[in-house]
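# kindly generate the corresponding structure for this input.
(chains A and B)
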Protein chains: 2
Amino acid sequence: MSSYSAPLRDIRFALFDVLDVESSFRHLRFDDAGRETVDAVLDEAARFCDTVLAPLNRVGDEFGVRYDKDDGSVTTAPGFRDAYVQFSDGGWGGLAAPTAYGGMGLPHVLGMPLEEMIDAANLAWGNFPLLSHGAASALLHHGEEWQREVFLTKLVSGEWTGTMCLTEPHCGTDLGLLKTRAEPNGDGTHSITGTKIFITAGEHDLTPNIVHLVLARLPDAPAGSKGISLFIVPKFQVARDGAQGARNALRCGAVEHKMGIHASATCVMNFDGAQGYLIGQPHKGLAAMFTMMNTARIGVGMQGLGLSERAYQNALRYSRERLQSRALSGAKFPAKPADPIIVQPDVRRMLLTCKALIEGGRALSYHAGLQVDIATHGASEAERKQADDLLGFLTPIVKACLTEWGVECTYHALQCYGGHGYIAEHGMEQLARDARITTLYEGTTGIQALDLMGRKTMQLQGAGLKVFLGLVQSFCEEQAGNDALAEFVAPLREKAGEWQALTLSIGKRAMSDPEEIGAAAYDYLFYSGYVALAYWWARSVAAADDSSQPQAFKDAKRETARFYFARLLPRTLAHKAAIDSGPAPLLALDEAAFDA
Amino acid sequence: MSSYSAPLRDIRFALFDVLDVESSFRHLRFDDAGRETVDAVLDEAARFCDTVLAPLNRVGDEFGVRYDKDDGSVTTAPGFRDAYVQFSDGGWGGLAAPTAYGGMGLPHVLGMPLEEMIDAANLAWGNFPLLSHGAASALLHHGEEWQREVFLTKLVSGEWTGTMCLTEPHCGTDLGLLKTRAEPNGDGTHSITGTKIFITAGEHDLTPNIVHLVLARLPDAPAGSKGISLFIVPKFQVARDGAQGARNALRCGAVEHKMGIHASATCVMNFDGAQGYLIGQPHKGLAAMFTMMNTARIGVGMQGLGLSERAYQNALRYSRERLQSRALSGAKFPAKPADPIIVQPDVRRMLLTCKALIEGGRALSYHAGLQVDIATHGASEAERKQADDLLGFLTPIVKACLTEWGVECTYHALQCYGGHGYIAEHGMEQLARDARITTLYEGTTGIQALDLMGRKTMQLQGAGLKVFLGLVQSFCEEQAGNDALAEFVAPLREKAGEWQALTLSIGKRAMSDPEEIGAAAYDYLFYSGYVALAYWWARSVAAADDSSQPQAFKDAKRETARFYFARLLPRTLAHKAAIDSGPAPLLALDEAAFDA
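Okay, the predicted model is just below:
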């Protein structure tokens, strides 16, 4: 079985040394988020994840969830309910929620390591509270006050969980096609009818009620995505005064059998005239949906990071223990019957790839999380707007890159085990299966790429990119006289310039051919991710040098950054070449000729 | 559930148009391998795979294999035994085996499409006959005549199956560490004692006997890999006259629970003084082992190809059927509620990546298979030697590239399905899980890379590479006046020159630092694979142009080649940059500092 120990040293390094969140917290007036409090929160979160959640990871994979077709109930894996009670009792679901609704009111960015640790410890379990966050965001930003008091407080306390009911059998990406109907009942409530699929945590036995947020069409709705409204549809009816009533007319019709995250309940939900309340304005559901979705997207990015970390920890231990063959330059451990495989350059290639993507990805994603705090609590409109632009730009990068890197890292880590990696008892193959969902749900990688290239770069004229490039430029200027950093700053400066030019060049070509956007999107997203990571690696080396970390830690940062610049950043060359080739190689072949 | 239909058109194109096997068969005096015979063999193989094996793929995944710990027996999935009987009755196990031992005596290269189709139809099933090939090769090349008559004929007829018992719990790659003992009994037999793991088809109910080829140490064996001998150890004892005797002292101790290929019996085999016969010379078992292994490596490469093809076929169908959103340049199918997703450039990127890797990989691997025929039946020693050099060079490329591409293609194909790809009923996730073993067994990708870089390139001074570069050069010269091919020939010529220079440069650096070999190996292997594929794509376009194929087929080849050159060949840029960075970024970090 794979093990997990929360990487608190590097988490703290990312927060305090690289991002200097203490300054940000002071500036944003998080008076209760002093270093001691944050340290205590991290310690306690790590303890919960390491000792409560992590040991349930394999039993969850083996047990899955049990669906009873007679009553539509879903039973979670042994231990899941107890863990959930501890989670709620610890107040973890409300870490960053406003105190007005029962939350701890801590900075959102502290939710990033919490999610990372939860997902590393037990991804399938983590999906139960995860969707509550999305639902809570939608209620906070779009709900009426009574809706917040009745529903949001229960989500924050963890007494109930939430879902996002978007997908239908015939529509996932293209929600404009959705068919679920909402009929006004004349009493302020609506009757919701339709079938939703892939509903994470749609039914379970962790809490006495479940708050479904459901996209549906009102009778007078315009066709397409401009005719979608959002509704609160609880499993048990809830009156406006909060009193829980009768079982609502909705039911889990089936649970899916999946490649991984077996213990996560992925439900078909049938709504048969279920009572619901409209959230926000009629036909404006998509905006509220995106509030949920963006929260969930960053959260899924953390899933990729968490799985990578767990996979790396185990691969590293195995590579140190497994004795096989000798180093090509002669035995490194002549007293042993063979050298540990970690002496092999190719094993190191796989381990260092994980290490570089994980630690770089940690800084990248936490920085994105910090923008949520600035966008909410920033001192000026300009500051908040800039953070929001940056967050919008970083969200698809965090989601797509960290999940694809999660697939890659779990791949490498399994590969380090050789044939043993393929055997269930070692737990590495579960990590690989679990990771595979993350590039699919909450918008596939291709959809993230279109969001970045089409919406965030073209429509919004690269507002977020400009902010990010500004950070890169400031950093390069600050470090201009630092010889110890020149080996990173010089190539970073060059890549940043290329990034800007590449963006302009795609934009120009897209003026005459909109297919340029779709053709460039995937490669542009990864190009951006690798350059962004180069920035975070350069900054990490600088932060380590300036810190009071032990010398071995500083050396490890520098050597890992060298590996990153030498062996991973060159992936941008292939991405750039693909972008430069334009749409023709993708579009020339007729649909019918793919199997000519 | 995923479906499969053997791609006979492209298989025939690769054999007859690209490789012109008819000329080779005439030259090699395969008088019974005329076009009509070959066509009939392919048709019948396709029928067997499509209608008998493919429908058993999912039931195999669900049933797995059942192990009875009381008697050590293994029961295969429903239908597997019937399919095996049909396979044996059809003589498929002896397609390329010598007629002297009951085979059909057809060219080895025809076994390549057969394996591809079997693996696409049902990889787990295909593992039962696959290992018989390796065992048969070892017997053919290293066995005594009576051993061939007794054992080889049964493997060729399919009456028995074979295994390769190499791995032990503490040694996989490094067989020098193995502990299994062989004690002479004084009557020409030996008693074999030890534990072997990961034994594919080690126990099953398909045949009345199983022929284990077991690596073990004689009492006077030198330490390490020079003290290993190979033994024939049947499940039921067999006398020298072929009479089957008592149950031998060996037993399946467990079957592994794996990520995929659930229906393949991966066994722990316990030998407890089992009676065995030495094959070949004492202490020379490793050479015999490599005979088995090389056969199996090419076979595993075909597994990657077969899975890619099946995954692609299903992703293509789904991408044509799934209606979602519109093309960015405007609706392509305005009468439908949305466009099929195949209009999206990013979906095409994934499909075309599969198509390009599959069709290019087909030509590459069949060409390697043809070298087996030339190495055996070539008219002169020089011709045979050249084919053998080329085969040795191509084997790790075929094994590693086609399996890694198999992982990649099953990944893309699943991704085309969005969330539906993660659900078991669509069958795409099984293909991804099944593919994951292929980069591990019969030598991991890292081991293939070391074989290519260390042995085939450095030790053998690039003999095989020289042959291959000669083919490329001849082709470029032939096509020098062909304007229609210039867009491919020019970059191919450039890449071939770069490949040669890169090889020399690594070789030069490796003189002073042997770690260069391990540091460059992985990237050099893929660099080589992509340049080799560029050659096969250029040749495929030329072959299509010269053929009587329909215009749509010719166009599809050209457009796919353009995609390959524009979007996949640039991966060589990243591989080259990684190679050029040398060992330092991989080796600088101290073992202890990976989690500093």
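
# all contacts plus neighbour counts: C-alpha atoms, from now on.
Noted.

# phi, psi of whatever residue of the stretch 51-200 of chain A ends up closest to chain B?
Here the residue of the stretch 51-200 of chain A nearest chain B is residue A:174; by Cα to the nearest Cα that distance is 5.3 Å. Residue A:174 adopts backbone torsions of phi -100, psi 80, taken as degrees, to the nearest 10.

# for the residue at the greatest distance from the centre of chain A, list the residues it contacts.
The centre of chain A is farthest from one residue, residue A:335, which by Cα atoms, centre = their mean lies 45.3 Å away. Listed by Cα atoms under 8 Å, 6 or more residues apart in numbering or on different chains, residue A:335 has no contact partners.

# and it, what helix or strand is that in?
Assigned by DSSP states H and E, residue A:335 belongs to no helix or strand.

# would you map the strands across the stretch 1-150 of chain A?
Under the criterion DSSP state E, counting those that start in this stretch, strands of the stretch 1-150 of chain A are mapped to A:66-68, A:73-75.

# neighbouring contacts of whichever helix or strand residue A:432 is part of?
For residue A:432, the enclosing helix or strand under DSSP H and E is helix A:428-435. Helix A:428-435 is contacted from outside by A:1-2, A:61, A:123, A:259-261, A:303-304, A:307, A:311, A:403, A:406-407, A:410-411, A:413-414, A:421-424, B:259, B:433, using Cα under 8 Å, 6+ apart.

# ditto for stretch A:210-221
Contacts of stretch A:210-221 (Cα under 8 Å, 6+ apart): A:135, A:151, A:160-166, A:178-184, A:192, A:202-203, A:227-236, A:282-283, A:285, A:289.

# how long is it end to end?
27 Å (Cα to Cα, to the nearest Å).

# picking that back up, in helices only, show me the contacts of stretch A:210-221.
Taking DSSP state H, the ones among these that sit in helices are A:135, A:285, A:289.

# hang on, residue A:397 packs against residue A:530?
No - if you go by Cα atoms under 8 Å, residue A:397 and residue A:530 don't touch, sitting 9.8 Å apart.

# do a quick rundown of the helices in the stretch 351-500 of chain A.
A:381-416, A:428-435, A:445-450, A:463-478, A:486-512 (DSSP state H, counting those that start in this stretch).

# need the winner for burial among those helices.
Burial of the helices of the stretch 351-500 of chain A is given as mean neighbour count (mean count of other Cα atoms under 10 Å in any protein chain shown); helix A:428-435 ranks first at a mean of 28.

# which bits of the stretch 451-596 of chain A sit near chain B?
A:513-515, A:518-519, A:521-522, A:552-553, A:555-556, A:559-560, A:562-563, A:566-568, A:570-574, A:577-578, A:581, A:583, A:585-589, A:591, A:593-594, A:596 (Cα under 8 Å from any Cα of the partner chain).

# out of these, which end up buried?
A:514-515, A:518-519, A:521-522, A:552-553, A:555-556, A:559-560, A:562-563, A:566-568, A:570-574, A:577-578, A:581, A:583, A:585-587, A:589, A:591, A:594, A:596 (16 or more other Cα atoms under 10 Å in any protein chain shown).

# if we can go back for a sec, just put the helices of the stretch 351-500 of chain A in a markdown table and tack on mean pLDDT.
Listed next are the helices of the stretch 351-500 of chain A as a markdown table, based on pLDDT from 0 to 100:
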| stretch | mean pLDDT |
| --- | --- |
| helix A:381-416 | 98 |
| helix A:428-435 | 98 |
| helix A:445-450 | 98 |
| helix A:463-478 | 98 |
| helix A:486-512 | 97 |
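
# out of those, which is closest to residue A:31?
The closest of the helices of the stretch 351-500 of chain A to residue A:31 is helix A:381-416. By Cα to Cα, the value is 19.1 Å.

# is chain B contacted by the closest one?
Yes - shown here: helix A:381-416 in contact with chain B (Cα under 8 Å from any Cα) through residue A:415.

# name the helices or strands packed onto that helix?
helix A:285-321, helix A:345-377, helix A:428-435, helix A:445-450, helix A:463-478, helix A:515-546 (3 or more Cα pairs under 8 Å, 6 or more residues apart in numbering or on different chains; DSSP states H and E).

# ok, residue A:30 - contacts?
A:106, A:107.

# chain B versus that one, what's the distance?
31 Å (Cα to the nearest Cα, to the nearest Å).

# ok, now residue A:535?
To chain B, residue A:535 is 18 Å away according to Cα to the nearest Cα.

# and that residue, how many neighbours?
Residues near residue A:535, counting by other Cα atoms under 10 Å in any protein chain shown, number 28.

# wait, it sits on residue A:491?
No - with contacts counted by Cα under 8 Å, residue A:535 stays clear of residue A:491, the gap being 9.9 Å.

# so which bits of stretch A:7-18 are buried?
Buried, per 16+ other Cα under 10 Å, within stretch A:7-18: A:7, A:10, A:11, A:12, A:13, A:14, A:15, A:16, A:17, A:18.

# distance to chain B added to those, as a markdown table?
Supplementary listing: these in a markdown table, determined by distance: Cα to the nearest Cα, whole Å:
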| residue | distance to chain B |
| --- | --- |
| A:7 | 9 |
| A:10 | 9 |
| A:11 | 13 |
| A:12 | 13 |
| A:13 | 12 |
| A:14 | 14 |
| A:15 | 17 |
| A:16 | 17 |
| A:17 | 16 |
| A:18 | 17 |
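
# which of those fall within helices?
A:10, A:11, A:12.

# smallest gap between the stretch 201-350 of chain A and chain B, at which residue?
For the stretch 201-350 of chain A, Cα to the nearest Cα, closest residue to chain B: residue A:258, 4.5 Å.
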